[in-house]
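Asker: would you be able to build a 3D model of this:
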Amino acid sequence: MFGSIACLGRHTITGIICAQAGQYADWSSVYRLFGRFDQERIFAPVREAVCRHMPAQMPVIAALDDTVVPKRGKKVAGASWRRDPTGPAFRPNFVWAQRFVQMSLVAPSRGFAGAARGIPVDIVHAPTPQKPRKRANLGEEASQEDKEAAQKEWAKYRQDQRAMRVSKVGAERIAHLRSQLNDDPISQGRELIVAVDGGYTNRTVFQEIPKATTLIGRLRKDARLFERPAQPAKRTGLFERPAQPAKRTGLFERPAQPAKRTGRKRLYGDALPTPEQFRQDENIPWTQVKAHAAGKVWDFDVKVIHPVRWKAAGGRNLQLVIIAPIAYRPTKASRMKYRDPAYLLCTDPDLPIEQLLQAYLWRWEIEVNFREEKTIMGTGQAQVRTQTAVETTTAFAVASYAMLQVAALQTGLRDSGLPPPKWRKKETPRRPSTTQLVNRVRAELWGNALGVSFSDFDKSDDIQRSLQNQRCSLGSAVLYATG
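Answerer: Presented below is the predicted three-dimensional model:
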């Protein structure tokens, strides 16, 4: 893992071995490591450390999302053509890549009142099943055995398609995380809040939520919502049984029996306006809520409507939160622009709006994790092809990144330990960046070996003003490298 963090080139297995000067020894054991790599055990201390860092009365907050890892080889396990998320909105592009579903826990600095850092605790491979060969579609001249084998092959393919849907995998990872929290005495009994984007706000995820778990997802603006039923009357099809007439028994008559109603209770009442119509309704007032995002505290205008019901979520009561568009200026001289409004759906109708909004804003940390895992830690750069190696090498790179973040969290680091460059403003950073943490690891590993004194960095720069006469400092080049 130290070699994975300190590697300067591409993060292949060979590059990691060379980063720790192991190229002259037998490296076959390193390749065998990825054949028996246990992901559950490597992420367990990371999850425990994050839960121990959070206040005891605070719920555990997680973010769930999927990402694609570009590949080149056509024989790499799990690689297929997928939509490129970095392409323009007006033209969907495709990229040959693998797909992974990741779960990150949010480690806040000051409860719900400040910034937070996302730390990965789970990542699984979610490939698209390989379609059966064309010869599986046999004609009339084929034998009965070949037809039965082809039918079994296609039946297994459709079953794998349903099991490998990204929403199905996401629902399984939420249930898996909930079971891990229940088994751990540190997090046992604590509420779990999971923030997801619109891709997971569907029937598959919302109807498989485990106990003590709250889901916050982004909703479409034209979603159909309903009220709670006023009176859960029973019915049988389109007609109700009429009242039974009185029956004569001897000298007395039995009173008329009321109509017996059988059937299911009503789950949905009258139809409600769409979220977009709620936003445009001037009769519903806006409420101002403070939340931390992008390095500072913002005032958000929101509307809260609860309880509501959504057919994709079953008969549970939900909470709808509408966030007004936020005004911003790209530059001081530019015109005012507005972001798109957001519509959130929460499975807990009693969750305070401050916690709900802040938990969803922290979901952006998993997007930061994806970018840093690929660009800094080299996730997906290992040149492997088999199914086991593809899964373990990716999990190994993500686990290295997670342990680096946990180490910074436990030690309370504020900077990289190196003198800042001349162009950087002299201000105390809110938290060290991942690049600064990597540079700190390199400085601790290689500083003494190179004979580098950190105080000499500033002195040498002050003496040499001209770039033509500047000496090339190996220590500065290595410890400040970003690639």
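Asker: partner residues bridging the residue nearest in space to the middle of the chain?
Answerer: Centroid-nearest residue in the chain: residue 64, 2.4 Å away (criterion: Cα atoms, centre = their mean). For residue 64, the beta-bridge partners are residue 103 (DSSP bridges).
Asker: gap between it and residue 345?
Answerer: 15 Å (Cβ to Cβ, to the nearest Å). Where C-beta positions appear, they are placed from N, C-alpha and C, glycine not excepted.
Asker: could you count how many residues lie near residue 154?
Answerer: For residue 154, the neighbour count with other Cβ atoms under 10 Å is 14.
Asker: what sits against residue 220?
Answerer: The neighbours of residue 220, taking Cβ atoms under 8 Å, 6 or more residues apart in numbering as the test, are 198, 275, 343.
Asker: give me the element it is part of.
Answerer: Using DSSP states H and E, residue 220 sits within no helix or strand.
Asker: now do the helices in the stretch 201-350 of the chain.
Answerer: 203-206, 275-280 (DSSP state H, counting those that start in this stretch).
Asker: ok, residues contacting the shortest one?
Answerer: Right, helix 203-206. Here helix 203-206 makes contact (Cβ under 8 Å, 6+ apart) with 165, 167-168, 170-171, 174, 196, 215, 217, 310, 312-314, 347.
Asker: send the alpha carbons of that helix over as CSV?
Answerer: Output in CSV follows, covering the C-alpha atoms of helix 203-206 (Å, rounded to 0.1, in the frame of the first residue of the first chain):
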residue,chain,number,x,y,z
ARG,A,203,-38.9,0.9,-6.9
THR,A,204,-36.0,-1.6,-6.6
VAL,A,205,-34.1,0.4,-3.9
PHE,A,206,-37.0,2.1,-2.1
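Asker: tell me who's in contact with residue 438.
Answerer: Counting by Cβ under 8 Å, 6+ apart, residue 438 touches 5-6, 376, 404.
Asker: looking at those residues, which one is closest to residue 92?
Answerer: Nearest to residue 92 among the contacts of residue 438, counting by Cβ to Cβ, is residue 376 at 27.9 Å.
Asker: can you read off the pLDDT for the closest one?
Answerer: pLDDT for residue 376: 92.
Asker: ok, now residue 246?
Answerer: 55.
Asker: likewise for residue 37?
Answerer: The model's pLDDT for residue 37 equals 79.
Asker: on the three-state scheme, it is what?
Answerer: With DSSP: H, G, I helix; E, B strand; the rest coil as the basis, residue 37 sits in coil.
Asker: leaving out chain neighbours, which residue sits closest to it?
Answerer: Nearest non-adjacent residue to residue 37, counting by Cβ to Cβ, 6 or more residues apart in numbering: residue 392, 3.8 Å away.
Asker: any idea which helix or strand comes after the helix or strand hosting that neighbour?
Answerer: For residue 392, the element it lies in under DSSP H and E is helix 387-411. Once the chain leaves helix 387-411, the next helix or strand it forms, by DSSP H and E, is helix 434-450.
Asker: looking only at pLDDT, what's the mean for that following helix?
Answerer: Mean per-residue pLDDT for helix 434-450: 82.
Asker: need the worst-confidence member of the contacts of residue 220.
Answerer: residue 198 (92).
Asker: hey, which of the helices of the stretch 201-350 of the chain is tucked in deepest?
Answerer: For the helices of the stretch 201-350 of the chain, the largest average neighbour count (mean count of other Cβ atoms under 10 Å) is found in helix 203-206, namely a mean of 19.
Asker: pull the distance from it to the chain's centre.
Answerer: Mean C-alpha position of helix 203-206 versus that of the full chain (Cα atoms, centre = their mean, to the nearest Å) differs by 16 Å.
Asker: lowest confidence element among the helices and strands of the chain?
Answerer: In the chain, no helix or strand scores lower on mean pLDDT, DSSP states H and E than helix 455-463, which sits at a mean of 50.
Asker: do I have it right that the residue nearest to the centre of the chain meets residue 192?
Answerer: No - counting by Cβ atoms under 8 Å, residue 64 does not reach residue 192; the two are 11.1 Å apart.
Asker: which parts of the stretch 1-150 of the chain are helices?
Answerer: Ranges of helices in the stretch 1-150 of the chain, per DSSP H, counting those that start in this stretch, are 2-6, 13-19, 28-33, 39-53, 144-163.
Asker: could you report the pLDDT at residue 475?
Answerer: Note on residue 475: pLDDT of 66.
Asker: please apply the same query to residue 127.
Answerer: Reported pLDDT for residue 127: 93.
Asker: what sits closest to it if chain neighbours are left out?
Answerer: residue 78 (3.3 Å).
Asker: now do residue 119
Answerer: residue 405 (4.9 Å).
Asker: and residue 123, by the same measure?
Answerer: Per Cβ to Cβ, 6+ apart, closest to residue 123 is residue 102, 4.5 Å.
Asker: likewise residue 154?
Answerer: That would be residue 132: by Cβ to Cβ, 6+ apart, it lies 5.8 Å from residue 154.
Asker: residues contacting that neighbour?
Answerer: Neighbouring residues of residue 132 by Cβ under 8 Å, 6+ apart: 150, 153-154, 157.
Asker: rerun at 6 Å
Answerer: The contact partners of residue 132, taken as Cβ atoms under 6 Å, 6 or more residues apart in numbering, are 153-154, 157.
Asker: quick check, nearest of these to residue 34?
Answerer: So of the contacts of residue 132, ranked by how close each gets to residue 34 (Cβ to Cβ), first place is residue 157, at 28.3 Å.
Asker: give the contact list for that closest one.
Answerer: 129, 132.
Asker: before we move on, the earlier item: any chance of the helices of the stretch 201-350 of the chain in JSON lines, plus distance to residue 146?
Answerer: Output for the helices of the stretch 201-350 of the chain, formatted as JSON lines (distance: least, Cβ to Cβ, whole Å):
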{"stretch": "helix 203-206", "distance to residue 146": "35"}
{"stretch": "helix 275-280", "distance to residue 146": "53"}
